[in-house]
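**Student:** Below: sequence and its predicted model.
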Amino acid sequence: MTPVSPNGDAAAPAGETATGPRLTATPRAGVLAAAGPRLAAVLLGAACIAWTATPLLHSGLAQTALAVSIVAVVAGALRLAFADIPQPEDNFMLSDLMRAWLLFLALLRTIAWEETAVVAILWLEVQHPARAWHTAILGAGLVAYLIVTHIAESGAEPAPVLLRQWKLLAVGACLLAVGAGFALVPATAPGAGAALLRVLAAIAVVAAAVLVLPA
């Protein structure tokens, strides 16, 4: 028998409204919302590696830095991908395969992969000849990589995070540009003047990196 509403109309079945099926939030929607920042973090990390690895160097230190940066970016991507998998409190009565899986997850969640990737990418960039604007763009890409990773980890909305940090981001961008500009200023002769310009450029880049990191 069809339920009847107080006004005489047929009542909607359970799970539906009078105008159609009731729309409810599903866990799948949350997974899809989190997938965007996680994918963006992976793409930014890969772009920074490709940017600084070109042209490809074959020296030992450059190859090591490239390998470490690739491993770190991939491991960071896996950590973000498996972030929703819970860690069981009781490890007894588990198979060896499950114990190995939990050890793998613990390794992913313990090491600071993104910071390791940034250090390796910067070391790879140092192996190249001086290229001021190339390095400045790389710095902006690495900062974006860290910020997007922070958003993916925290699950926060990107807009509020960027609005809270916009002043620091603007100052950091200006300092990166100043550092690149100082590095491009030709020195009339080698000596204290050229060394001072290099020191100022280094200070500007370091200050920018410190300022734009999420608080």
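**Tutor:** Here it is on my side, so go on.

**Student:** For residue 166, see how far away residue 42 is.
**Tutor:** Distance, residue 42 to residue 166, using Cβ to Cβ, to the nearest Å: 25 Å. No exception for glycine: its C-beta is placed from N, CA and C like everyone else's.

**Student:** Can you give the contact residues for stretch 47-55?
**Tutor:** 66, 69-70, 73, 117, 121, 124-125, 128, 134, 137-138, 141-142, 145 (Cβ atoms under 8 Å, 6 or more residues apart in numbering).

**Student:** Generate a PyMOL selection restricted to the buried entries among these.
**Tutor:** To isolate the buried members of the contacts of stretch 47-55 in PyMOL, using 16 or more other Cβ atoms under 10 Å:
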select buried, resi 66+69+70+73+117+121+124+125+134+137+138+141+142+145
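
**Student:** In helices, which of the contacts of stretch 47-55 appear?
**Tutor:** Judged by DSSP state H, helices contain the following of those: 66, 69-70, 73, 117, 121, 124-125, 134, 137-138, 141-142, 145.

**Student:** Of the residues you listed, which is the nearest to residue 98?
**Tutor:** Closest approach to residue 98 among those (Cβ to Cβ): residue 73, at 27.2 Å.

**Student:** which residue packs closest to the closest one, ignoring adjacent ones?
**Tutor:** residue 45 (3.8 Å; Cβ to Cβ, 6 or more residues apart in numbering).

**Student:** do the same with residue 117
**Tutor:** residue 72 (3.6 Å).

**Student:** what about the one you found, distance to residue 61?
**Tutor:** Per Cβ to Cβ, residue 72 is found 16 Å from residue 61.

**Student:** When these two are compared, which one has more neighbours?
**Tutor:** residue 72 (23 against 12; other Cβ atoms under 10 Å).

**Student:** Now do the same contact list for that one.
**Tutor:** 113, 114, 116, 117, 120.

**Student:** Using CSV, please lay out those residues together with pLDDT and distance to residue 98.
**Tutor:** Formatted as CSV, the contacts of residue 72 follow (pLDDT from 0 to 100; distance: Cβ to Cβ, whole Å):
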residue, pLDDT, distance to residue 98
113, 93, 23
114, 92, 27
116, 93, 27
117, 93, 29
120, 92, 32
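
**Student:** Most neighbours among those, which one?
**Tutor:** Counting by other Cβ under 10 Å, top hit in the contacts of residue 72: residue 117 with 26 neighbours.

**Student:** Spell out, range by range, the helices that occur in the chain.
**Tutor:** Under DSSP H, the chain gives helices at 27-53, 60-81, 96-110, 113-126, 132-154, 158-164, 166-184, 192-212.

**Student:** can these go into TSV with extra columns for distance to residue 87?
**Tutor:** Shown next, in TSV, are the helices of the chain (distance: least, Cβ to Cβ, whole Å):
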stretch	distance to residue 87
helix 27-53	18
helix 60-81	13
helix 96-110	7
helix 113-126	18
helix 132-154	16
helix 158-164	26
helix 166-184	34
helix 192-212	32
